[in-house]
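Student: Below is the sequence, then the predicted model.
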Protein chains: 2
Amino acid sequence: MAMAPHPASEFPDFSHLPHVVIIGGGFAGIATARGLANKDVRVTIVDKHNFHTFLPLLYQVATAMLEPAEVAYPIRTIFGKAKNIGFRHAKVREVDHARSVVVLEDESEMAFDHLVVATGATAAFFGIPGASRFAMPLYSLADARRLRNRLLISLEEADASADTSPISLNFVIVGGGPTGVETSGALSELIRTVIKRDGLRIDPSRVRVMLVDMAPRLLTPFPEKASEYAFKELEKMGVEIEFGRSVVEVEERAIRFADGERLKVAAVIWAAGVTASGTLAHDLQVTSGPGGRARVMTDLRLVESENVWAVGDAAAVPLDESTFCPQLAPVAMQSGRHCAEQILRVVKGEPTKPFRYRNKGIMATIGRHAAIAKLPGGTVVKGTAGWLAWLSLHLWYLIGFRNRLRVMINWTWRYFDWPSGPRLIVADAETAE
Amino acid sequence: MAMAPHPASEFPDFSHLPHVVIIGGGFAGIATARGLANKDVRVTIVDKHNFHTFLPLLYQVATAMLEPAEVAYPIRTIFGKAKNIGFRHAKVREVDHARSVVVLEDESEMAFDHLVVATGATAAFFGIPGASRFAMPLYSLADARRLRNRLLISLEEADASADTSPISLNFVIVGGGPTGVETSGALSELIRTVIKRDGLRIDPSRVRVMLVDMAPRLLTPFPEKASEYAFKELEKMGVEIEFGRSVVEVEERAIRFADGERLKVAAVIWAAGVTASGTLAHDLQVTSGPGGRARVMTDLRLVESENVWAVGDAAAVPLDESTFCPQLAPVAMQSGRHCAEQILRVVKGEPTKPFRYRNKGIMATIGRHAAIAKLPGGTVVKGTAGWLAWLSLHLWYLIGFRNRLRVMINWTWRYFDWPSGPRLIVADAETAE
């Protein structure tokens, strides 16, 4: 007995509408698609993952506080009710601008009337030998899981060595920006608590969590007193912070600094900066500007293009005549929304409007009750108030009510009973069987 | 600044106590360790995974209803408060019975006073060509994730083919026991609902979920009327059931039956039976009996052994003089508890007692509100009452209050708003980046 028949002709037919292809299901791509939902266009989001990843919380997956599914949401589910939005689970091989066609990895082609490049950013390794191979960035769900596995396996190895020759564990976080600060704080808290709670036979003095940066202070986009606050909070949590140190090489289990020191490590976590997706210029045939980002006009169309747009981290979005917007989630969301509006204008034959970034401030969290927010006016909120602001904002933007609720439950739990998170080593489950 | 010093001498020292090594952290191994917690022995659980897997719910992970962390729990966390229970994240290479030593894969050795073999069971492929390679069993978290990925990727492929030449998807479940019944029901429900909800361009008549068995009815351990009930419920859910069909070969994307039919498939799910862990006899040097299980005496010690025990699915536990206990979770738990008691008796120089299995009945779930339970007296409970019994029992045995609560929340959610589960394709996140 087959399932109830459902003829193919019943699928809604949008083939007469202009086709907008969005490459990338991150903040910018999703915001663009949301702006086009239930409008007179048909949209296909192309992504190699079938889910949207909430990047700001990846470090919590890496430190075993949240599970992958709590920071990821299937793209189809986001747009389940918008019938004009489709999804294609695929990698893009190249864009043929002359024919307005996207070529996928399986060589199938997808014609577009408008193309939105929302391919995001990846870690920048600045050509440092070994960094791209051995340092661990935090820019995808896979990155976060890899780091979590490395961390948990390292603790198991240290425990197993207790009876014979106890090993030391050094974790080096490179980069004192928000990601580095958040990750080092969470890592130090996790390790210290887990050792106690799980009864690991590891002498805590054999575990070092080090945050290194070339700059002379943490969180450079914040005012100096915020940097000092973050420094003190991290020190309280057992993080060693070293300024003015630059990395010259990363090896499989070691790091070398410019001053000659070579340190054995359990992991090097790379939070030193981002660049637009490496193959942007090559595969998508896009003129790249600062940080490998696509050069766009004020309306977010690519320079010299009629129907190709770039948004979010992949785009060098003009802030004023000489500077560009920072690579932040609010910029991605705002530029995506703007792009959607402009595409609808072009489709209707109306002129486009320039993008204006509305500064929503920046935030970083340090530990369980410590966070810093810099409001648009320049005011800095810190401590528990900052933490609550951080919490509300992140919960608000977590896509889908279900995820919000789940994360809220987990965070409440963690607040009282920390860390009882999902410390499963799953890489071996994936590969060793 | 290093973390607060914590000299190694502060680790609790149990080295004067008899050492019990338990191989395997499944139901039987955990039950054994629980029975030895805070007693005058020191215990090391050895497992290649750092987590316990709640096997009865794996099919829900495979069908994207639960997440891996909801059916898995870190072994260290289970025993966080029992200081005499340790964990070693390792694979066992072999057991040297003469020297009472376990040799691990890294060649390190672990001496034991008592050894408990709790290595469980794996899928039995009965030598059918291609089955072990291409058919997908459901016996580990990795199995469940692989199947989920295959399922979700198949749906994406079918959707992508809609415009050109729509493909058909056949899912064949081999085996009409509880696992086959549960999986086929969940799979059929999932596919039909997801196609609608996520707006997949798949004609449901192109999707078949088939359950095949050599036997003439489903759920042979249950009375015949229970089989009929399961049959009707599965048919309502769109599962095609075929009896008297035997599989002669499994290919990468096809299955061949004894009657000559060759069917292209998206996946073959293997629920045809289990055998004790394949390398039991070889690596652990254990005399194997029925189903590759270790032959034990009535007190659960291996035949002719003083200090090596076998419990759970790995052991051929005598039920009476001529038959053996079924490979079920209650047997695993009861035998583990019994084994712990007997080890403590031997340590104290007391004689051991024989194991007696107390029949707790068996259950199987079919769909959202349909389940069957056969109580010890033979009474069969079915429908919603059976489902509620199934739900309570599984929740009760899910290790850890946190997991129970999370699964309860997810199930409640699913009951009203199904399926909103975590449909992330993560294998590609793992390997493709």
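Tutor: It's in.

Student: so is the closest residue to A:S132 other than its chain neighbours in a helix, a strand, or just coil?
Tutor: The shortest distance from A:S132 to any non-neighbouring residue, by CB to CB, 6 or more residues apart in numbering or on different chains, is to A:F125 (4.4 Å). Any C-beta I mention is one placed from the backbone N, CA and C, and that applies to glycine too. Following DSSP: H, G, I helix; E, B strand; the rest coil, A:F125 is assigned to coil.

Student: How about the residues of the stretch 201-350 of chain A by chain B?
Tutor: Counting by CB under 8 Å from any CB of the partner chain, the stretch 201-350 of chain A comes close to chain B at A:R201, A:D203, A:P204, A:S205, A:V207, A:R208, A:E235, A:G238, A:E240.

Student: ok, back up a step: residues in contact with the residue nearest to A:S132?
Tutor: A:F125 is in contact with A:A131, A:S132, A:A135, A:W270, A:A272, counting by CB atoms under 8 Å, 6 or more residues apart in numbering or on different chains.

Student: My understanding was that A:P204 contacts A:V194; is that so?
Tutor: No. Between A:P204 and A:V194 there is no contact under CB atoms under 8 Å: 10.7 Å.

Student: okay, these two: which has more neighbours?
Tutor: Neighbour count, other CB atoms under 10 Å in any protein chain shown: between A:P204 and A:V194, A:V194 has more, with 24 against 17.

Student: So that one: helix, strand or coil?
Tutor: helix.

Student: before we move on, back to that, if I look at the residue nearest to A:S132, how far off is chain B?
Tutor: Relative to chain B, A:F125 is positioned 15 Å away (CB to the nearest CB, to the nearest Å).

Student: check contacts around the spatially most central residue of chain A.
Tutor: Centroid check for chain A by CA atoms, centre = their mean gives A:L55 as the closest residue, at 3.1 Å. For A:L55, the contact set (CB under 8 Å, 6+ apart) comprises A:G26, A:F27, A:Y139, A:A329.

Student: what are the phi and psi values for the third one?
Tutor: Recorded main-chain torsions at A:Y139 are phi -120, psi 10, according to degrees, to the nearest 10.

Student: Contacts only, for it.
Tutor: Contact partners of A:Y139, counting by CB under 8 Å, 6+ apart, are A:L55, A:L58, A:A121, A:T122, A:A123, A:V274.

Student: and if you look at the first one?
Tutor: With contacts taken as CB under 8 Å, 6+ apart, A:G26 has the following neighbours: A:H52, A:T53, A:L55, A:A118, A:G120, A:G312, A:D313, A:A332.

Student: Relative to A:A160, which of these is nearest.
Tutor: Proximity of those to A:A160 (CB to CB) peaks at A:T53, which lies at 33.1 Å.

Student: Can you tell me how far the closest one is from A:V61?
Tutor: A:T53 sits 9 Å away from A:V61, going by CB to CB, to the nearest Å.

Student: Next, show the common contact partners of these two.
Tutor: By CB under 8 Å, 6+ apart, A:T53 and A:V61 have these common neighbours: A:V71, A:L141.

Student: So A:R93 belongs to a strand, correct?
Tutor: Yes. Counting by three-state DSSP, A:R93 is part of a strand.

Student: these two touch, right, it and A:V103?
Tutor: Yes. Judged on CB under 8 Å, A:R93 makes contact with A:V103 at a distance of 4.8 Å.

Student: distance of the residue nearest to A:R99 when sequence neighbours are not counted from A:V95?
Tutor: Leaving out its chain neighbours, the residue that sits closest to A:R99 by CB to CB, 6+ apart is A:A111, at 7.7 Å. From A:A111 across to A:V95, the span is 11 Å (CB to CB).

Student: Overlap in contacts, those two.
Tutor: Common contact partners of A:A111 and A:V95 (CB under 8 Å, 6+ apart): A:V101, A:V102.

Student: Phi, psi for A:L155 please.
Tutor: Torsion angles at A:L155 (phi, psi; degrees, to the nearest 10) stand at phi -60, psi -40.

Student: So for it, what's the nearest residue that isn't a sequence neighbour?
Tutor: A:L200 (5.9 Å).

Student: Tell me the secondary structure at that neighbour.
Tutor: Look at A:L200: counting by three-state DSSP, its state is coil.

Student: Quick check: it touching A:R192?
Tutor: No. The pair A:L200 / A:R192 is not scored as a contact, 10.7 Å apart, by CB under 8 Å.

Student: Which of the two has more residues huddled nearby?
Tutor: The neighbour count for A:L200 versus A:R192, taken as other CB under 10 Å, is higher for A:L200 (22 against 19).

Student: Now do the contacts for that one.
Tutor: Shown in contact with A:L200 (CB under 8 Å, 6+ apart): A:L155, A:A158, A:D159, A:V194, B:R76.

Student: Mind exporting the C-alpha coordinates of stretch A:64-82 to CSV?
Tutor: The C-alpha atoms that make up stretch A:64-82 are tabulated as CSV, following Å, rounded to 0.1, in the frame of the first residue of the first chain:
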residue,chain,number,x,y,z
ALA,A,64,29.6,21.6,26.1
MET,A,65,27.0,23.9,27.5
LEU,A,66,24.6,23.8,24.6
GLU,A,67,24.0,21.1,22.1
PRO,A,68,24.3,21.5,18.3
ALA,A,69,20.6,21.4,17.8
GLU,A,70,20.2,24.3,20.2
VAL,A,71,22.1,26.7,18.1
ALA,A,72,21.0,25.4,14.7
TYR,A,73,17.7,25.4,13.0
PRO,A,74,16.6,23.7,9.8
ILE,A,75,16.2,26.3,7.0
ARG,A,76,13.2,24.6,5.6
THR,A,77,11.5,24.8,9.0
ILE,A,78,12.1,28.5,9.2
PHE,A,79,10.3,29.1,6.0
GLY,A,80,7.7,26.3,6.3
LYS,A,81,4.8,28.7,5.9
ALA,A,82,6.3,30.9,3.2
